[in-house]
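S.K.: model this:
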Amino acid sequence: MKTDLRVVKSKRAIKTAFLELMKEKGYGNITITDIAERALINRKTFYMHYETKQALYDEICDEVIALLDPESTMKRLHELKGHEQRKPVIRLLLDIRREKNVFSVLINDENNMAFLYKLYDKIAPVILMETHSHKDAVLTDEKLLMEVYCTLFVLMLKWWIKNDDTEPDMAIDLILEFFSKKPLEMLGISF
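M.R.: Numbering: from 1, shown residues only. Got it, this is the predicted structure:
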């Protein structure tokens, strides 16, 4: 089945307009009229493609998360050893860099946290699986632990976007350092 080029162009214009408006005004301050005017379409065209503004937002979030595929990347890390573990993380970081404009708008919008929640939902089970694999780990509150690690992961991604001249290997070293026991040791907490 061949996709109509007009549909592709309209959807692309709608998404671009929406992301520009999110960056300027935030999710909560955008109307369908704003999107239509910016995309140079009428409201009817918008509604041909999306039922609501939230449906548009959800589609963009799902596309970005599918592209990044953090769950699959993190699961592969457990199967690999040594330097081989770096390859999927480098791919993830380069994918984020390639889509940094979209990713940055979604991750930094304080009016709608759905992207962060969807990202957390993808990575939290992997983090939980990893913490359960450590026999010496004592978990008092798994939800708190997941929240801390997910937040740290997102903060590292935000840092990566801002510092896009940083080489992936250096970023990986920093990520590994932050996810190790070293930050706690620096605070004087020993094991």
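S.K.: does Arg97 count as helix, strand or coil?
M.R.: Applying DSSP: H, G, I helix; E, B strand; the rest coil to Arg97 yields a three-state assignment of helix.
S.K.: contacting residues for the nearest residue to Phe115 once chain neighbours are set aside?
M.R.: Spatial nearest neighbour of Phe115, excluding adjacent residues (CB to CB, 6 or more residues apart in numbering): Leu106 at 4.1 Å. C-betas here are computed from N, CA, C, even on glycine. Contacts here follow CB atoms under 8 Å, 6 or more residues apart in numbering; on that basis Leu106 touches Met22, Ile60, Cys61, Val64, Phe115.
S.K.: wait, what's in contact with the residue nearest to the spatial centre of the chain?
M.R.: Nearest residue to the geometric centre of the chain (CA atoms, centre = their mean): Leu119, 5.4 Å. Counting by CB under 8 Å, 6+ apart, Leu119 makes contact with Ile65, Pro70, Ile107, Cys150, Val154.
S.K.: take these and keep only those in strands.
M.R.: With strands defined by DSSP state E, no entry of the contacts of Leu119 lies inside them.
S.K.: just the buried ones from these?
M.R.: Neighbour counting by 16 or more other CB atoms under 10 Å classes Ile65, Pro70, Ile107, Cys150, Val154 among the contacts of Leu119 as buried.
S.K.: quick one: least confident of the residues you listed?
M.R.: Within those, Pro70 has the lowest pLDDT, namely 63.
S.K.: pLDDT of stretch 12-24, averaged?
M.R.: Averaged across stretch 12-24, pLDDT comes to 96.
S.K.: how about it: buried residues?
M.R.: Of the residues in stretch 12-24, Ala13, Ile14, Lys15, Ala17, Phe18, Leu19, Glu20, Leu21, Met22 count as buried by neighbour count, 16+ other CB under 10 Å.
S.K.: residues in contact with it?
M.R.: Surrounding stretch 12-24, the residues in contact under the criterion CB under 8 Å, 6+ apart are 30, 34-35, 38-41, 46, 49-50, 53, 56-57, 59-60, 101-102, 105-106, 109.
S.K.: can you give me how far that stretch is from the chain middle?
M.R.: Chain-centre distance of stretch 12-24: 17 Å, with CA atoms, centre = their mean, to the nearest Å.
S.K.: now stretch 83-99
M.R.: Its chain's C-alpha centre lies 13 Å from the corresponding centre of stretch 83-99 when counted by CA atoms, centre = their mean.
S.K.: export that stretch to PDB, keeping only CA atoms.
M.R.: The C-alpha coordinates for stretch 83-99 follow below in PDB (Å, rounded to 0.1, in the frame of the first residue of the first chain):
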ATOM      1  CA  HIS A  83      34.000  -3.200  25.500                       C
ATOM      2  CA  GLU A  84      31.100  -4.800  23.700                       C
ATOM      3  CA  GLN A  85      28.700  -3.200  26.200                       C
ATOM      4  CA  ARG A  86      29.700   0.200  24.900                       C
ATOM      5  CA  LYS A  87      28.400  -0.300  21.400                       C
ATOM      6  CA  PRO A  88      24.600  -0.300  22.100                       C
ATOM      7  CA  VAL A  89      25.100   2.700  24.400                       C
ATOM      8  CA  ILE A  90      27.000   4.600  21.700                       C
ATOM      9  CA  ARG A  91      24.200   3.800  19.300                       C
ATOM     10  CA  LEU A  92      21.600   5.100  21.800                       C
ATOM     11  CA  LEU A  93      23.600   8.300  22.400                       C
ATOM     12  CA  LEU A  94      24.100   9.000  18.700                       C
ATOM     13  CA  ASP A  95      20.300   8.400  18.100                       C
ATOM     14  CA  ILE A  96      19.600  10.900  20.800                       C
ATOM     15  CA  ARG A  97      22.000  13.400  19.200                       C
ATOM     16  CA  ARG A  98      20.500  12.800  15.800                       C
ATOM     17  CA  GLU A  99      17.000  13.600  17.200                       C
END
